[in-house]
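Chemist: have a look; sequence and predicted model below, questions after that.
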Amino acid sequence: MTTVVWFKRDLRTRDHAPLVAAANLGEPVIALYVIEDNYWQQPDTSGRQWCFIQDSLDDLDKQLRKAGNQLVVLRGSVIAALRELKASHAIERVFCHQETGGQWTFERDKAVIKWCSDNQIEFREWNQFGVVRRLKDRDIWDKAWTELMRQPVLEAPGSVPFAGAIQGVAWRGIEPGATAADRCPDRQTGGSIRGETLLASFLERRCVGYQYNISSPNTAVRACSRLSPHIAYGTVSLREIYQQAKAAGIHRNTLPRKQKSLTSFRSRLHWHCHFIQKLEDEPELEFRAMHRELEGMKTGPNDSERLQRWQQGQTGWPLVDACMRSLQHTGWLNFRMRAMLMAVASYQLWLHWREPALHLARLFTDFEPGIHYSQTQMQSGLTGINALRIYNPVLQSQKLDPHGEFIRRWIPELAGVPTEMIHTPWLMTPVQKARFGGNTYTAPVCDHEQAARAARKAVGDFRKQHVSREETGRVLHRHGSRKGPHQARPKPASQPPADNQLSLFD
């Protein structure tokens, strides 16, 4: 009897429970990945994501070949692929990891489960993240997460019984959907080897000072683990990252400063699953506001010029534009700057959250639906349980890029502008522009301070008129954090708090 191990966002052989279970049966195994063209038509997919997966498939195939097997890549629907394999190899089981994706993958998985049931094929899933399917009580989530992270990391199988050669497709050169239109010159490389190398360098050296250096776009490139795309596509196990980080943190030779940094890093791994759990519990969040009464706060089409200028890094606010251009080029940006981009789109530019969220999703090589849709709504003030965070793009620039290094790197129009003028080039006189440059850089799309005040008032007025305690309570009960320091929640129908910088995940 043959078992199909269906690889999705788990492109590795280490700590891969479905593969280990299949190998332990001692019967032929087909290691399957399916290039689903319909998936790559979804508006939050992009070429940079597919290129990362291609790298990872190369590496996964090498890992499987070491175990005496090989990767089979088919193209089309998963059900068509399974039907083809059933006809040729009489498959009896399909093993895979659970996936918390968007609506499309959710419906795909349901269809696959039904097909397996209809064809008397065993379908079995394992959990690879601390996300609980059909969670009935949010109060028990943290315990479930901790138990999963403490389970032993599984070694890659030394031998995976081969089911014989199967004609697949050569995944290199395939450009499904609209992926051909996306070019990302400085994209991170996929594959487990690259992910494990990043993890080792982070735990050995780069983690020191993690909590202090992850906010500035200048220091974050090195200070952050850079493991996010590897976690998103499963080239390295989240559990293994957690356990290695914990082992490094409690080692007797580890200095207190490094211990604190690794504690901070592990807390981010916890929050990773906390946010994915929100989409797992309420898949509609991909399309509508978490606080349902806030969905109607913005109606009508977006201002297309404002949206386009934001997308192209042409708002006229240097740090905002530098972040967008950097993201377009590299496919990565640190958390604080991601949050600022989304908040500026939602407040100062007053755009509906959905189109900016989709644009950012396509630019993120590490796009993770559960985190992305929860976070973009949080940064847009749509949860109803988090205080508004309206970023001042000038203050952020002065604080996080005080000498303008990041701005000059990504906005060549401002390369010659002195530091004291780099954050507000629109205040330069014609004489100064003639002397230092900056004539070709666009003027601000609007007065950011005035726009922020207007947005704060509009949100406050809407909450007073339309937000109920019942719906706010529902969101808090279903999605609110049960761990960490007490977080002050805004009361519905009350004045919003002052514009202070808040803790990372408040």
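Modeler: Yep, it's here. Predicted, not measured: the structure shown is a model, and the values here were computed from it.
Chemist: pretty sure Q98 contacts V132?
Modeler: No: contact criterion CB atoms under 8 Å: Q98 and V132 do not qualify, at 9.8 Å. The C-beta positions use only the backbone N, C-alpha and C, and glycine is treated the same way.
Chemist: the two: who's more crowded?
Modeler: Between Q98 and V132, counted using other CB atoms under 10 Å, the more crowded position is V132 (21 against 17).
Chemist: what pLDDT does that one get?
Modeler: The score at V132 is 86. That number is its pLDDT.
Chemist: so it is in which element?
Modeler: Taking DSSP states H and E as the definition, one finds V132 inside no helix or strand.
Chemist: please report the distance of it from L154.
Modeler: Using CB to CB, to the nearest Å, V132 is found at 20 Å from L154.
Chemist: how about Q42, nearest residue that isn't a chain neighbour?
Modeler: Leaving out its chain neighbours, the residue that sits closest to Q42 by CB to CB, 6 or more residues apart in numbering is W104, at 5.4 Å.
Chemist: tell me the SS of the one you found?
Modeler: Three-state assignment for W104 (DSSP: H, G, I helix; E, B strand; the rest coil): helix.
Chemist: distance check, it against D281.
Modeler: Distance from W104 to D281, by CB to CB: 18 Å.
Chemist: over to I214?
Modeler: Taking CB to CB, one finds I214 at 28 Å from D281.
Chemist: same thing with A245?
Modeler: Going from A245 to D281 by CB to CB gives 27 Å.
Chemist: could you report the pLDDT at E36?
Modeler: 97.
Chemist: so what touches stretch 63-75?
Modeler: 7, 12-13, 23, 29-35, 37, 57, 60-61, 80-81, 84, 156-162, 166, 168-171, 174, 176, 192 (CB atoms under 8 Å, 6 or more residues apart in numbering).
Chemist: rerun that using 7 Å as the cut-off
Modeler: Residues outside stretch 63-75 that contact it (CB atoms under 7 Å, 6 or more residues apart in numbering) are 13, 29-35, 57, 60-61, 81, 156-160, 162, 166, 168-169, 171, 192.
Chemist: and what of stretch 318-338?
Modeler: Contacts of stretch 318-338 (CB under 7 Å, 6+ apart): 48, 184-188, 214-215, 217, 220, 224, 313-315, 340-341, 344, 363-366, 393, 396-397, 401, 406-407, 410-411, 414, 422-423, 425.
Chemist: stretch 296-309 too?
Modeler: By CB under 7 Å, 6+ apart, stretch 296-309 touches T315, L349, W350, L351, H352, E355, V445, V459, F462, H466.
Chemist: what does stretch 240-252 give?
Modeler: 14-15, 149, 153, 199, 203, 227, 254, 259, 262-263, 265-266, 269.
Chemist: if we go to 6 Å?
Modeler: Stretch 240-252 is contacted from outside by D15, M149, V153, L203, Q259, L262, F265, R266, L269, using CB atoms under 6 Å, 6 or more residues apart in numbering.
Chemist: surely the first one touches S237?
Modeler: So the one you mean is D15. Yes: counting by CB atoms under 6 Å, D15 touches S237, with 3.6 Å between them.
Chemist: count of neighbours near the residue nearest to Q41 when sequence neighbours are not counted?
Modeler: Ranked by CB to CB, 6+ apart and with sequence neighbours excluded, the top spatial neighbour of Q41 is G177, at 4.7 Å. G177: 18 surrounding residues under other CB under 10 Å.
Chemist: tell me the pLDDT of G177.
Modeler: Confidence score, pLDDT, at G177: 83.
Chemist: then A493?
Modeler: 43.
Chemist: could you do S503 as well?
Modeler: The model's pLDDT for S503 equals 42.
Chemist: what's the nearest residue to S228 once chain neighbours are set aside sitting at in phi/psi?
Modeler: In this structure, S228 finds its nearest non-sequential neighbour in D366, 3.8 Å apart by CB to CB, 6+ apart. Dihedral pair for D366: phi -90, psi 30, per degrees, to the nearest 10.
Chemist: quick one, helices of the stretch 351-500 of the chain?
Modeler: Secondary structure of the stretch 351-500 of the chain (DSSP state H, counting those that start in this stretch): helices at 354-363, 369-378, 393-400, 405-410, 419-422, 430-436, 448-466, 469-479.
Chemist: could you dump those helices to a markdown table with distance to G76 and mean neighbour count?
Modeler: Listed next are these as a markdown table, based on distance: least, CB to CB, whole Å; neighbours: other CB atoms under 10 Å:
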| stretch | distance to G76 | mean neighbour count |
| --- | --- | --- |
| helix 354-363 | 23 | 21 |
| helix 369-378 | 22 | 25 |
| helix 393-400 | 45 | 19 |
| helix 405-410 | 40 | 19 |
| helix 419-422 | 51 | 16 |
| helix 430-436 | 56 | 13 |
| helix 448-466 | 46 | 16 |
| helix 469-479 | 36 | 16 |
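Chemist: export these as CSV, with columns for distance to V112.
Modeler: Putting the helices of the stretch 351-500 of the chain into CSV (distance: least, CB to CB, whole Å) gives the following:
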stretch, distance to V112
helix 354-363, 24
helix 369-378, 18
helix 393-400, 45
helix 405-410, 43
helix 419-422, 53
helix 430-436, 60
helix 448-466, 40
helix 469-479, 27
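Chemist: ok so, going back, relative to G26, how far out is the residue nearest to S228?
Modeler: Distance from D366 to G26, by CB to CB: 37 Å.
Chemist: next secondary structure element downstream of the lengthiest helix in the chain?
Modeler: If you go by DSSP state H, the chain has its longest helix at helix 256-281. For helix 256-281, the succeeding helix or strand toward the C-terminus, using DSSP H and E, is helix 304-311.
Chemist: relative to helix 354-363, how tilted is that following helix?
Modeler: 30 degrees (axes from the mean of the first three to the mean of the last three CA atoms, to 10 degrees).
Chemist: flag every buried residue along the very next helix or strand once past helix 304-311.
Modeler: Downstream of helix 304-311, the next assigned helix or strand under DSSP H and E is helix 318-330. By 16 or more other CB atoms under 10 Å, the buried positions in helix 318-330 come out as P318, L319, V320, D321, A322, C323, M324, R325, S326, L327, Q328, T330.
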